[in-house]
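1. pasting the sequence and the predicted model now:
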Amino acid sequence: MRTSRKHRYVFDLDPINMTPMMNLMVVLIPLLLTSAEFVRLGIIELNLPPAVSGAGAAAAEEAGMKAGKLDLAVTITDRGFFISSAMAVLANEGEPTLPVLNGMHDFSGLSMKLLEIKRQAKDLYPDLEQIIILAEPEIDYQTVVSTMDAARSIEVEGNTEILFPEVFLSATVR
Amino acid sequence: MPQLTSMMDMFTILLVFLLKNFSTEGQLINPSRDITLPVSAVQQAPETGLDVVVSRDWILVNGKPVARTPDADRLEGFIIPSLQRELQKYADEGRNLEEKYGRRFSGKVTIQGDKRLAYRALIKVMATCGQAHFPNMRLVVYQKEG
């Protein structure tokens, strides 16, 4: 019958030729897989500790004295953070400003404290971006990096406030 | 003719996923296998520079071991002599290129350190880099998710 022949004509089409598409996939997928980044790396830019640069540092220090700098410094010890600045030394008789809580350094406490300092020091000092981070020799690298994170910015009620992004690293005097 | 539809489905999804996180820059820094980098919340993308790796056993410059980390750890003072010698070589080479061909010597160095490393070893490496005319230091870290 005529209708059935027509029917067969419609459904007996050859299947689509997949080969070029498959070729494309087979080339593209390995290419993208090899260039894919599965871990995201970042970098922290560092400023030289002023002490290393020698004569230049001495001159800079002198200029700083005249301008009246904040000279904010955080010292990481195994007992907690010591914070000091030109405004006040926030330690009480050899006790850390922010002691270690349950064996962990109090990074959020540090951020809050630095925010407080930043607000107080506003319009009073020129170096509102800089912080010196010192650490005891035994402190591990991750703790130092986390401290830099805590000192860089803070989330307050949903918006990010910049604290002290310019980090100077320095070694402690033993 | 085998049934290819499901395979095509899979490939399409994979392709879309891979294209989505494809970066044109590629990987500028290859993290070493034997170290675990610290995690940080920084957003800054990596850039190239002289590669200094500080693992728990060795200090490497561009993949070449120059000093043992425990030895450097015990060292008095802040300068690691063998590391300084190696870095100085690269610095001289960079200066030379700058003089002859006008390619600016940036003094950039990327430092990959193990996260369990003690600060005293790290600060020595950094002080040495500073002394050997590589003042622009970058610490390589893993970016925190989200």
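-> Structure received.
2. and the next helix or strand past the helix or strand bottoming out on mean pLDDT in chain A?
-> In chain A, no helix or strand scores lower on mean pLDDT, DSSP states H and E than helix A:55-67, which sits at a mean of 51. The first helix or strand that comes after helix A:55-67 along the chain, using DSSP states H and E, is strand A:73-77.
3. mind telling me what element the most centrally placed residue in chain A is part of?
-> Central residue of chain A (Cα atoms, centre = their mean): residue A:149, 4.2 Å from the mean position. Taking DSSP H and E as the criterion, the element that holds residue A:149 is helix A:141-152.
4. hmm, the residue nearest to the centre of chain A is touching residue B:40, no?
-> Yes - between residue A:149 and residue B:40 a contact is recorded at 5.4 Å, counting by Cβ atoms under 8 Å. C-beta here means a position set from N, CA and C on the backbone, and glycine is covered the same way.
5. then the lowest-mean-pLDDT helix or strand in chain B to PDB, C-alphas only?
-> Considering only helices and strands, the least confidently modelled element of chain B by mean pLDDT, DSSP H and E is helix B:69-74, at a mean of 82. As requested, C-alpha coordinates have been extracted for helix B:69-74 and formatted as PDB (Å, rounded to 0.1, in the frame of the first residue of the first chain):
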ATOM      1  CA  THR B  69      66.000  23.200  55.200                       C
ATOM      2  CA  PRO B  70      67.100  21.800  58.600                       C
ATOM      3  CA  ASP B  71      70.600  23.100  58.000                       C
ATOM      4  CA  ALA B  72      69.200  26.500  57.100                       C
ATOM      5  CA  ASP B  73      67.000  26.300  60.200                       C
ATOM      6  CA  ARG B  74      70.000  25.900  62.600                       C
END
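6. and residue A:82, how many neighbours does it have?
-> 19 (other Cβ atoms under 10 Å in any protein chain shown).
7. helices or strands up against the least confident helix or strand of chain B?
-> With contacts defined as 3 or more Cβ pairs under 8 Å, 6 or more residues apart in numbering or on different chains; DSSP states H and E, helix B:69-74 has these neighbours: strand B:58-61, helix B:119-131.
8. contacts only, for residue B:141.
-> A:41-44, A:145, B:37-40, B:42 (Cβ atoms under 8 Å, 6 or more residues apart in numbering or on different chains).
9. by neighbour count, which of those wins?
-> Using other Cβ under 10 Å as the neighbour definition, the contacts of residue B:141 reach their maximum at residue B:38, which records 25 neighbours.
10. any idea how far that one lies from residue A:33?
-> For residue B:38, the distance to residue A:33 (Cβ to Cβ, to the nearest Å) stands at 27 Å.
11. likewise residue B:64?
-> As defined by Cβ to Cβ, residue B:64 lies at a distance of 30 Å from residue A:33.
12. also residue B:68?
-> When Cβ to Cβ is the yardstick, residue B:68 and residue A:33 sit 37 Å from each other.
13. check residue B:79 too.
-> According to Cβ to Cβ, residue B:79 stands 44 Å off from residue A:33.
14. sounds good, over and out.
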